[in-house]
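> Sequence and predicted structure, then a few things I'm wondering about:
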Amino acid sequence: MLNAPRLSIRHGRLIDPASGQDAVADIHLAEGRVLAIGAAPSGFQPDRTLDARGQVVCPGFVDLCARVREPGHEQKATIASEGRAAAASGVTTLCCPPDTRPVIDTPAVARLVHQISKRHGLVRILPIGAMTQGLEGKSITEMAALKLAGCPALGQADRPVRDTQVQRRALEYAATFGLPIFLLPLDPELSAGGCAHEGLVGTRLGLPGIPEAAETVAVARDLALAEQTGARIHFRGLSTARGVEMLAEARARGVRASGDVALHQLFLTEHDLEHFDANCHLIPPLRTPADRDALRTALAEGVLTAVCSDHQPHDADAKLGPLPETAPGLSGLETVLPLALRLVATGVLDLMGMIERLTVGPASILERDLGRIAPGTAADLCVFDPDAVWTPSPATWISQGRNTPFMGHELRGRVSWTLLGGRIVFER
Amino acid sequence: MTTPNPQLDAQGRLKHFLTIDGLSRELLTEILDQANGFLGVAQQAVKKVPLCRGKVVANLFFENSTRTRTTFELAAKRLSADVLNLNISTSATAKGETVLDTLRNLEAMHVDMFVVRHAESGTAHFMAAHAAPHVSIINAGDGRHAHPTQAMLDMLTIRCHKPDFSQLRVAIVGDILHSRVARSQMIALKTLGVPDVRVIAPRTLLPTRVEEAFGVRAYHDLSEGVRDADVVIMLRIQRERMNSALLPSEHEYFQLFGLTEERLSTARPDAIVMHPGPINRGVEMDSQVADGRRSVILEQVTNGIAVRMAVMSMCLGNQHLGTSPSQEEAAHA
């Protein structure tokens, strides 16, 4: 990459799950790529040296689902604003779902997203192309063209296809080009009108419910179709114990299915809705503590191979109203690292395993050579202080969407530097 | 992390009345005692007390209602408050005004209390969270969540006939799933110490895990469910639930869950029958029961005014107390 400085990052604890490396080592970068790990090549003169003593140096995070709201919803966020948030969070690659306006259902829109993100140069954005035109679930898109335009996968964002025949055909057509399909497992009829898990809290508060079966029915359908068609599917955002159990069983039989979980689902539960906190109005909904525990186990056992932010920045008005009328979703980029580190602190994963699910785990779902550190690879790096304690506040929050239930809560773990293609895109 | 109850002030006094959930038995009993005292006001030649003179109460109904709005209006007038009736469902929101805009505009007119009804659960909590510090919110029904004044008027009606809550069996029959009334009743009954609360409905009309969520027992057979009951509460069933995936027909519903003298025969001989109104005769119950000797349905209406007077005067009265004398002095200085 042009203009990338020659850099040395010294004395950091280098963790690269792809190679299994975990040791204090220097790393040297030139022309946007990793030049050497360990001793500097003879004659290497860095333009700048970063002292990462006491910090972790790892591949930049790959986020399978983060909305940037551009084009079309710039009152909520922009590629520039969320690019800054991503850079500050150690995320160097993010996939944005196709529910922009216009929808990413043509190569032109995919290229537009790509071009705008390239211009800002803060994060690599890989647009997920729409699987059906206008996300309407009726006619399939020009999938080959979307692939050529840089879409690593296709999906329906949060608008699952109702017609099972269309779903089957879309999976088959995508399989023709080896395109993975991202699916939010949520039956549209069973979840219609719902805003909370159908369970104890939803019952007590009288919130229209989304039953567990809304997820398991969709998982069952799509696993059956994946098996029938040989298509590769990825469940984006599982939320139930039974859902991950079905995925585990299918994977064991060799069905080409994978799954991820949003980080907040590993910590929040239906009980966080008890005071009608609109920032906990999420789709899929926060489920029971037992579901949360099962998701953690599935992550630890490798049934789920990635965690993501499911970042959904909103304007303040979208969250100001009676809970069922508010827009679902939370602003999740800036809590990626502290929540992921909490998985380490609570013993769900070790540090290597945690970083794996934020780097090579998601990269292999995308079938892209990202999320690893080796000589010659693009220098997408994150340097973080795992012990830094901070408290998110509206004044220091970077994303345009301030809709997070973690505002004002003490968090541990903070990014010090983020490098994209060898350039420092964030430093604290 | 425990969040303080949003309806109580720092001293634990009622500031808003949003839900029965989280209120103590003592506080509920205080509301019932106060309401009891207000029952006499309607018997006076001048049906007014000057407790809330100079206060402005706005009835903010985002959902249509005649009966509840009327009783709130009468209650406020008997307390000598000034009353504004705003039927928002036909005015502001149709023009795109949000709940919060409406609240802010009326606050600017120095309204002291809002009585709110809205189709979505959590609206009253939302308004209380965003209201100015000197403003009280009374929940007159939010979605499926809560209708606490209805529940309290039902408790008052029960107490008039059956003074010892700790000895009662109470059965609630009908559409529990969609009912804010049932939710508030179940919590009120349990808080007041009723040991045996039952809900009776087909499975389509019972919310998930209702027994655990409210500490009640679920029945699917009416005669079985009302056996030895002291109180039978019938819920209103919306006509649009019929001929849907929830219920096949009014006919089958009445056959199975409609209250008749015969089906009531398993209840205690002195059992009372209640209904929040308006009744669908021949659907929830037949006229013989609705107008029969056990029916206390019209008493409920009368008690509704007294309970609303109690809650309104308590919240408005505590507004005064909310400012400590030293603060007032500071304000005058």
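Received, thanks.
> C-alpha only now, for contacts and for neighbours.
Will do.
> how many neighbours does A:Pro46 have?
Residues lying near A:Pro46 (other Cα atoms under 10 Å in any protein chain shown) number 16.
> can you pull the contacts of it?
A:5-8, A:28 (Cα atoms under 8 Å, 6 or more residues apart in numbering or on different chains).
> for the residues you listed, which one is nearest chain B?
A:Ser8 (44.2 Å; Cα to the nearest Cα).
> So what pairs up with the closest one in the strands?
Using DSSP bridges, the bridge partners assigned to A:Ser8 are A:His28, A:Thr49.
> per-residue pLDDT, residue 188?
Answering for chain A, as no chain was given. pLDDT, A:Pro188: 96.
> let's do chain B instead
Reported pLDDT for B:Ala188: 98.
> Now for it, how many residues are close by?
Around B:Ala188 there are 25 residues (other Cα under 10 Å).
> Ok, the one 4 residues further on next?
The burial metric for B:Leu192, expressed as a neighbour count using other Cα under 10 Å, is 18.
> and the closest residue to it other than its chain neighbours, how far is that from chain A?
Using Cα to Cα, 6 or more residues apart in numbering or on different chains and skipping residues adjacent in sequence, the residue nearest B:Leu192 is B:Arg25, 5.5 Å away. Distance of B:Arg25 to chain A, computed by Cα to the nearest Cα, to the nearest Å: 19 Å.
> What separation is there between B:Arg25 and B:Lys190?
As judged by Cα to Cα, to the nearest Å, B:Arg25 and B:Lys190 stand 9 Å apart.
> Same question for A:Ala145.
Per Cα to Cα, A:Ala145 is found 63 Å from B:Lys190.
> Neighbour count: these two, which is higher?
Comparing A:Ala145 with B:Lys190 by other Cα under 10 Å, the one with more neighbours is B:Lys190, at 18 against 15.
> okay but A:Ile373 is in contact with A:Gly60, surely?
No - the criterion here is Cα atoms under 8 Å, and A:Ile373 misses it with A:Gly60 at 9.3 Å.
> Show me which helix runs longest in the chain.
Picking chain A for this. Secondary structure of chain A per DSSP state H: the longest helix is helix A:212-229.
> Chain B was what I was after
Chain B, longest helix under DSSP H: helix B:297-322.
> Which neighbouring elements make contact with that one?
helix B:25-38, helix B:67-78, strand B:136-142, helix B:148-161, strand B:272-274 (3 or more Cα pairs under 8 Å, 6 or more residues apart in numbering or on different chains; DSSP states H and E).
> Output the set of residues of the stretch 251-400 of chain A in proximity to chain B.
A:275-276, A:320-325 (Cα under 8 Å from any Cα of the partner chain).
> where exactly do the helices run in chain A?
A:79-88, A:107-120, A:143-148, A:164-176, A:188-191, A:200-205, A:212-229, A:241-252, A:289-301, A:336-345, A:351-356, A:360-366.
> out of those, which comes closest to B:Arg180?
helix A:200-205 (9.0 Å; Cα to Cα).
> Would you mark the buried spots in the closest one?
For helix A:200-205, the buried set under the neighbour-count rule, 16 or more other Cα atoms under 10 Å in any protein chain shown, comprises A:200-205.
> Return the residues in contact with the nearest residue to A:Pro324 once chain neighbours are set aside.
Nearest non-adjacent residue to A:Pro324, counting by Cα to Cα, 6+ apart: A:Cys195, 5.8 Å away. Residues in contact with A:Cys195, defined by Cα under 8 Å, 6+ apart, are A:207-210, A:281-283, A:285, A:324.
> now A:Cys195: how far from A:Gly230?
34 Å.
> cool, and B:Val170?
In terms of Cα to Cα, B:Val170 sits 57 Å off from A:Gly230.
> Those two: which is more packed in?
The residue with more neighbours, out of B:Val170 and A:Gly230, is B:Val170; 28 against 16, by other Cα under 10 Å.
> State the helix or strand in which that one lies.
Using DSSP states H and E, B:Val170 falls within strand B:169-173.
> On the C-terminal side of that strand, identify the next helix or strand.
With elements assigned by DSSP H and E, the helix or strand that comes after strand B:169-173 is helix B:180-191.
> Quick check: which helices or strands does the next helix or strand after that next one pack against?
Per DSSP H and E, the first helix or strand lying C-terminal to helix B:180-191 is strand B:196-200. For strand B:196-200, the elements it packs on are strand B:169-173, helix B:180-191, strand B:217-219, helix B:222-225, judged by 3+ Cα pairs under 8 Å, 6+ apart.
> Tell me which of the ones you listed sits most buried.
strand B:169-173 (a mean of 26; mean count of other Cα atoms under 10 Å in any protein chain shown).
> ok, what's across the strand from A:Ser258?
Beta-bridge partners of A:Ser258, as defined by DSSP bridges: A:His234.
> Now A:Gly401. Its backbone dihedrals?
Torsion angles at A:Gly401 (phi, psi; degrees, to the nearest 10) stand at phi -90, psi 120.
> For the nearest residue to it once chain neighbours are set aside, which residues are in contact?
Spatial nearest neighbour of A:Gly401, chain neighbours left out: A:Pro313 (3.9 Å); criterion: Cα to Cα, 6+ apart. Counting by Cα under 8 Å, 6+ apart, A:Pro313 makes contact with A:67-69, A:76-77, A:329-332, A:399-403.
> burial measure for A:Pro386, as a count.
Considering only other Cα under 10 Å, A:Pro386 is surrounded by 18 other residues.
> tell me the pLDDT at it?
For A:Pro386, the model assigns a pLDDT of 98.
> Assess the claim that it and A:Gly413 are in contact.
Yes - with contact defined as Cα under 8 Å, A:Pro386 reaches A:Gly413; the gap is 4.2 Å.
> Now for the two: what residues contact both?
Joint contacts of A:Pro386 and A:Gly413 (Cα under 8 Å, 6+ apart) are A:Leu341.
> pLDDT value on B:Val49, please?
pLDDT recorded at B:Val49 is 93.
> same deal with A:Arg402?
98.
> Tell me which residues touch the closest residue in space to it that isn't next to it in sequence, please.
Leaving aside its chain neighbours, A:Arg402 sits nearest to A:Ser331 (6.3 Å; criterion: Cα to Cα, 6+ apart). For A:Ser331, the contacting residues are A:310-314, A:399, A:401-404, by Cα under 8 Å, 6+ apart.
> in the chain, which ranges drop under the pLDDT threshold?
Reading this off chain A. Along chain A, segments meeting pLDDT under 70 span A:1-2.
> was after chain B, sorry
B:1-3, B:89-96, B:320-333.
> Tell me how it divides into domains.
Structural domains assigned to chain B are B:25-145+B:302-322, B:148-296, following automatic domain parsing.
> Assess the claim that A:Leu94 and A:Leu126 are in contact.
Yes - A:Leu94 is within contact range of A:Leu126, at 6.1 Å (criterion: Cα under 8 Å).
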